[in-house]
Structure formats: C-alpha cells, structure tokens
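Participant: Take this sequence and fold it.
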Amino acid sequence: MSAPTVSVPSVGTSARELNIGFHTRVPFASGRTAEGLRDGITLFREAEDLGFDRGWVYQRHFDNYLAAPLVFLPVVAQHTARIGLGTAIIGIRYEDPILLAEAASTADHLSGGRLELGFGTGLGGFDRAFGQEPNDGRQQSLTRLDAFLRALRGEAVGTAPNGDPLTVRGASTDLLARTWYGAGSVASAERVGQRGINLMLSTILTGDIAEYEAEQRAAIEVFRALHPSVERARVSVSRSILPTTSPERARRYAAYDADRRANGPAASRPRGAVAPTAAPPGAYTMSPVIHGDPSAVIDTLLADPAVAEADDLIAFLPPEFALAESTRVLEEIAEHVLPALRAERKVSA
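Facilitator: Numbers count the residues shown, from 1 in each chain. So this is what the prediction gives:
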C-alpha cells in the first residue's frame, strides 16, 4: 500500500528528546504465574537502575502473559521511583470505556503520574467470551476509545436519577497527554492523529510491506500532519534490539531471529503458552531483529528513518526470555547502545 503524500516539517532528531524504553509481556511458565509477576517487577527495578526511561507491558488474555496491566503497574510503582510505566498495548475492544477511565485514573494516581496508557485493537477471537457477537474489532475499538477519552476529559457519560450529569470522579485529566494508540498502517496512523493522542508503532505492520522502516516513517508524517498540535504529537517506535557481546549470545540471538522470521508472532513463547492461529500469507510484515556487534546495531538504528522521528524507542524483549536473559539484554543495550543514541540525538538538537 502506498502512503499518501503530505507536507510536514521534520520534527525528529532536530527538536525532540529521545526516551529509551523496553517492552515485556511479563511471561510465565504454566503453574508459575506468581513467580513471573514478581520477576516482572524485578525487571522494572533493574531497568530503572540501568537508566531506561520507560517500561511497557502487553495485555494478553487467556495465555501465559500479563492480563491485567492496570493492576500490575501500580504495584511496580511501589518498587520504583522514576521509570515511566506503560501499556503497549491494552486491547480496548474488550474494555468498558467508563470502567477503563476509572481504573486508568486510579492507576495513574497510585503511580504518581507515571502511567503511559497505550491502547490498540488487540488480539481477537474472544468476542463470545466477553459477551459480544464476533466482529473484527477495529471500529468497535475506536468507538470505545472515543468514549474513554470523553470520560477521561470529565464529560458527562450519563444522567443520575435526580437529573445530575454523571462524570468520572477523580479522573486523571493529565493522562490525556500520556494516552497512545497503536497503528499498523498509514491509514490507522491517520485516525490516531485526528484524535489528538500519541502514536505507537510496533514491530508489526498490516499487509505485505516491502520497505518496513519507510512505511513507518510515512505513518509518522501523516500522523503529525493531522494532529492538532505538532509539539504534542508524540511517537513511539518498537524494535527488536539484541546487541551481541559473546559467541554464546550471537548463537542465541541468531536462533531467535530465525524463529521470528519463520514463525512471526508465534515465535518465542514461554512454556505452556498458546500457539497463535496462523495468519494468511501477506497479512502482516514483521520488523527485522537487529542483532550483531553493538556498533552495527547502533548504525542500523541511527539509519532507521522511523527511529529518527521517534520520541520513544522501545526495545522489544523476546517473550520466551526469562528474567536473567531479559536483564542481560537490557544491560547490553544500556552499556553499548543507549549512550550512543542519546549522544546522537543531543548533537542533532
């Protein structure tokens, strides 16, 4: 799919600070849920000590991953002091928007205003389990997103028996500036920009895309052209970043790369996790795994046109990696990659 042509000033490395984050699904082996959740908290503590700006968690229903991010992250907040706490993503198709506004506001208050709230359509197939008729979820997700934003802004969501308007009490209106939505195409990035919230670009694009990074750059340009405030139009970009510092790591990361190329989203699962349903050919395009010598990893990231325009770069951790391996990846990124990326952004500014 070709991107529409737009004219928008570049506001990437010349004007924007780069935040570095990581993304974990908080995986756990079957029968070891509590241990996996505790390991997730520890990973956030380690990442904060290593200098990461944000940590992001994914919501996955009916599987061996975190299902309740807005319960988990306020607990993480009690064990950390600075790091941002993000959801990437919550599948809003299965969420009641008013209850979600109440829960997200509560989580943000308990987290000291550190919540970064990312939504998306999310994984489907559970419509009947959540009491609704089967649908593709896209339009339903946008409808619920709009209702959530109205509730978070303090607009009336109904009328009380005495005729008074009903509003979400204690709504964290500051969270509006920290609300994101995931896009897998230029067209979906348009819809995010029109709503005036922040754009999340993951490691998957919809359709068979020949030039992955260029397509994401086009999505960013369209998003910022339509956003009501370019200065507040924030973008996050996720990449699988695995700098290699030993032969053992080289073999491990090459095996993960091969698994991901062969199996896409079905690659790298903890013991007992559900195998995703195979998608039809051409349904999606996965971003490449960036692995190898740290200098080569840095060069690849600096040459990436989407990363150049991002406010947040998120390192996607392989889902099967337990605490020790995930911590090792973060240590290698912090030591070998993070300083160079931040230095380059400062020089460009």
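Participant: Can you give me the neighbour number for Thr245?
Facilitator: Number of residues near Thr245 (other CB atoms under 10 Å) recorded here: 14. Every residue, glycine included, has its C-beta placed from N, CA and C.
Participant: distance of it from Leu323?
Facilitator: From Thr245 across to Leu323, the span is 19 Å (CB to CB, to the nearest Å).
Participant: Going along the chain, name the helices of this protein.
Facilitator: Along the chain, the segments classed as helices by DSSP state H run 33-50, 69-79, 97-110, 138-152, 186-195, 212-226, 247-263, 294-302, 305-308, 323-336, 338-348.
Participant: which residues are contacting the fifth one?
Facilitator: Just to be clear, that refers to helix 186-195. Contact partners of helix 186-195, identified using CB atoms under 8 Å, 6 or more residues apart in numbering, comprise 1, 3-4, 142, 145-146, 149, 181-183, 198-199, 201, 206, 215, 218-220, 222-227, 233.
Participant: Kindly state the pLDDT recorded for Ala275?
Facilitator: What the model reports as pLDDT for Ala275 is 84.
Participant: Disregarding residues adjacent in the polypeptide, which is nearest to it?
Facilitator: Setting aside the residues directly before and after it, Ala275 is nearest to Ala266 in space (CB to CB, 6 or more residues apart in numbering), at 5.9 Å.
Participant: Check Glu46 too.
Facilitator: Looking at Glu46 with CB to CB, 6+ apart, the closest residue is Thr327, at 5.2 Å.
Participant: Pull the contacting residues for the spatially most central residue of the chain.
Facilitator: Nearest residue to the geometric centre of the chain (CA atoms, centre = their mean): Ala88, 3.0 Å. Taking CB under 8 Å, 6+ apart as the definition of contact, the neighbours of Ala88 are 23, 56-58, 118, 180, 182, 200, 202, 236, 238, 314.
Participant: Buried residues, stretch 162-172. List them.
Facilitator: Of the residues in stretch 162-172, those with enough neighbours to count as buried (16 or more other CB atoms under 10 Å) are 167-168, 171-172.
Participant: how far does that stretch stretch from start to finish?
Facilitator: Stretch 162-172 has an end-to-end distance of 26 Å (criterion: CA to CA, to the nearest Å).
Participant: Can you name the residues in contact with that stretch?
Facilitator: Under CB under 8 Å, 6+ apart, the answer for stretch 162-172 is 98, 101-102, 104-106, 108-109, 113, 115, 151-160.
Participant: if we can go back for a sec, Phe44 is in contact with the residue nearest to Glu46, correct?
Facilitator: No. Counting by CB atoms under 8 Å, Thr327 stays clear of Phe44, with 10.9 Å between them.
Participant: So which of those two has more stuff around it?
Facilitator: Neighbours per residue (other CB under 10 Å) separate Thr327 from Phe44, with Phe44 holding more: 25 against 18.
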